[in-house]
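# what follows is a predicted protein model with its sequence.
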Amino acid sequence: MAISTLHLTNAYHEHSGGIRTMYHALLEHAEQHGRRMTLVVPAAADRDERRGRFTRIVHVRAPRSPVADGRYRMLLPHRFIRVGRGRLWQLLEDERPDVVEVCDKYSLCFFAGLIRRRWRGRRPALVGLSCERMDDNVEAFVRTGPAARAFAREVIGRVYMGMFDVHLANSAYTAEELRRAMRAPHLRPVHVCPPGVDVPAAPPPSDIATGRRELLARCGRPDATILLYSGRLSPEKRVSILPGIMAQLAARTPPVHLVVAGDGPLRTRLEAESAALAPGRVHLLGHLRRDALWRLMHACDGFVHPNPREPFGIGPLEAMAAGTPVIAPASGGIRTYASQENAWLSTADAAAMASTIAACLDAPDERQRRIIAGRRTAAAHTWTVAAARMVARYEAACMAVNDRAVATERRAPIDRNLQRI
């Protein structure tokens, strides 16, 4: 019989990116295989979104995030701190899942900790899913330096690790933080489960040509070279380097322009710095629907990903699937799939990235070779493969917890007899 899973995350809103994409792919996989799956996310109001016969998304009313990106909402501990009371505990009682997975290191992880400590009888397997590193987020939003990383390491090692039976990470880079911070008595298995990518059919050539003409009109030059950045405009994404990159490319002929697809708290700052450093060369499009973004990728000459600490990077992998050259730093979780064979990798400063972009644009034969390699890479990272890999880990975690419960139940009568002697 297929296992049932309950997933909770705060990293979800209507226009959010990689984690939302991942959970939608898992929901589709569960529906196809007749496996019960419920995703719990914060929202402006309570509602139940049926996705199919076996799957649903439960939206739970929650306040907006008090820090970072205000488009996100947060299910805070006051919603579950009273054991057995409130919406989350009621969902747990109604669902009786085999596995509870939490993708959150700052609030919902404590719900898993309470389940672990207070559950009566056989409890569900508890899986911690890491899609980012706490040390990187602390440095991006609070302060930089050794003290910040030491603080994150203490929280991960002394608090977070022990709340779960097993941990999954979206890349070796993300898993590295867990493994380095882990210490007794909270030693737990850590497995790497990279996400996947959807590879829809290429848009009709006429649609690509139309999109290209529209971009060139926006740039004001019919011969412009067009680069694309797609992602959240937030400090942890290191987008502040983009104006500097474009300033380094200002002297190139034909002119190089950058279109930015995405939104976030740094949008106003990015607009101002672009106007100062690369006037007329950076064009912010805001959030785009996935079909519009897919067409845009096909119409651009390169995909620029500036984050040297990207946990995984679904965006660059999608660009590879579209046949768009990827230029990115040679570090972080992107190295799960990106190399000098299928992308152009660089150090993470503006001058080096601009030089790497120029090398990509000036070598058409090599660009075509790496485009082909990139498409092969994307084809090997489908969501069908990625989802099946994650479900196998859920099943293994469930079996391990059940085996421990059976061993405890068998040992209990012996322990009671020994106490009588």
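Alright, I've got the coordinates.
# pop the domain breakdown of the protein in here.
5-196+383-418, 205-379 (automatic domain parsing).
# redo those domains as CSV? Include mean pLDDT and mean neighbour count.
Every C-beta, even on glycine, is put in place using the N, C-alpha and C of the backbone. Shown next, in CSV, are these (pLDDT from 0 to 100; neighbours: other Cβ atoms under 10 Å):
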stretch, mean pLDDT, mean neighbour count
domain 5-196+383-418, 91, 17
domain 205-379, 96, 19
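# in terms of secondary structure, what does the helix or strand where Ala276 lies contact?
According to DSSP states H and E, Ala276 maps onto helix 267-277. Here helix 267-277 touches helix 242-248, strand 282-286, going by 3 or more Cβ pairs under 8 Å, 6 or more residues apart in numbering; DSSP states H and E.
# tilt between that helix and strand 282-286?
160 degrees (axes from the mean of the first three to the mean of the last three Cα atoms, to 10 degrees).
# how about the contacts made by Thr55?
27, 30-31, 36-39 (Cβ atoms under 8 Å, 6 or more residues apart in numbering).
# tell me which element Glu395 is part of?
Per DSSP H and E: helix 383-420 holds Glu395.
# helix, strand, or coil at Asn137?
Here Asn137 takes the helix state, with states given by DSSP: H, G, I helix; E, B strand; the rest coil.
# show the backbone phi and psi for the residue lying closest to it once chain neighbours are set aside.
Leaving aside its sequence neighbours, Asn137 sits nearest to Glu236 (Cβ to Cβ, 6 or more residues apart in numbering; 5.8 Å). Per-residue torsions, Glu236: phi -70, psi -10 (degrees, to the nearest 10).
# surely Glu236 is in contact with Phe141?
Yes. With contact defined as Cβ atoms under 8 Å, Glu236 reaches Phe141; the gap is 7.1 Å.
# residues making contact with stretch 206-218?
202-203, 222, 224, 226, 257, 259, 283, 295-296, 298-300.
# let's see that with 6 Å instead.
Contacts to stretch 206-218, defined as Cβ atoms under 6 Å, 6 or more residues apart in numbering, come from residues 222, 224, 226, 283, 295, 298-299.
# could you single out the nearest of these to Gln90?
Arg295 (43.0 Å; Cβ to Cβ).
# secondary structure element holding that closest one?
Assigned by DSSP H and E, Arg295 falls within helix 290-299.
# show me what the next helix or strand after that helix is packed up against.
Tracing the chain past helix 290-299, the next element assigned as helix or strand by DSSP H and E is strand 302-304. Secondary-structure packing of strand 302-304 (3 or more Cβ pairs under 6 Å, 6 or more residues apart in numbering; DSSP states H and E): strand 225-230, strand 326-329.
# if you set the cut-off to 10 Å instead, what comes out?
Contacts defined by 3 or more Cβ pairs under 10 Å, 6 or more residues apart in numbering; DSSP states H and E place strand 302-304 against strand 225-230, helix 242-248, strand 256-261, helix 314-322, strand 326-329, helix 350-361.
# the first one: partners in the sheet, and parallel or antiparallel?
Within its sheet, strand 225-230 is paired with strand 256-261 (parallel), strand 302-304 (parallel), according to DSSP bridges.
# any idea of the angle the longest one forms with helix 314-322?
Same thing as strand 256-261. Calculated by the same axes, to 10 degrees, strand 256-261 forms an angle of 120 degrees with helix 314-322.
# what about strand 256-261, distance to the chain center?
23 Å (Cα atoms, centre = their mean, to the nearest Å).
# between it and helix 290-299, how big is the angle?
Following the same axes, to 10 degrees, one obtains 170 degrees for the angle between strand 256-261 and helix 290-299.
# which neighbours do Glu236 and Phe141 have in common?
Common contact partners of Glu236 and Phe141 (Cβ atoms under 10 Å, 6 or more residues apart in numbering): Ala68.
# next, the nearest residue to Arg61 once chain neighbours are set aside: phi, psi?
Closest residue to Arg61 apart from its sequence neighbours, by Cβ to Cβ, 6+ apart: Asp46 at 5.0 Å. When quoted as degrees, to the nearest 10, the phi and psi of Asp46 stand at phi -70, psi 130.
# so how far is Val60 from Asp46?
Distance, Asp46 to Val60, using Cβ to Cβ, to the nearest Å: 6 Å.
# and Gln340, by the same measure?
Using Cβ to Cβ, we find Gln340 at a distance of 45 Å from Val60.
# same check on Tyr106?
Taking Cβ to Cβ as the measure, Tyr106 falls 16 Å from Val60.
# ok, Leu187 next?
Using Cβ to Cβ, Leu187 is found at 33 Å from Val60.
# now Leu277
Distance from Leu277 to Val60, by Cβ to Cβ: 43 Å.
# in TSV: the strands paired with strand 225-230, plus distance to Gln90.
As requested, those are arranged in TSV below (distance: least, Cβ to Cβ, whole Å):
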stretch	distance to Gln90
strand 256-261	39
strand 302-304	44
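# of these, which is nearest Ala172?
Checking the strands paired with strand 225-230 against Ala172 by Cβ to Cβ gives strand 302-304 as the closest, at 22.3 Å.
# what residues does that closest one touch?
With contact meaning Cβ under 10 Å, 6+ apart, strand 302-304 is reached by 225-230, 241-242, 245-246, 256, 258, 260, 297, 315-316, 318-320, 322, 324-328, 343-344, 353-354, 356-357, 360-361, 367, 374.
# tell me how far it lies from the chain's centre.
With Cα atoms, centre = their mean as the basis, strand 302-304 stands 19 Å off its chain's centre.
# nearest to Val391, of the contacts of Thr55?
Ala30 (8.0 Å).
# the host helix or strand of Glu101 pairs with which strands, parallel or anti?
Element membership of Glu101, judged by DSSP H and E, is strand 99-103. Looking at strand 99-103 with DSSP bridges, its partner strands are strand 5-9 (parallel), strand 125-130 (parallel).
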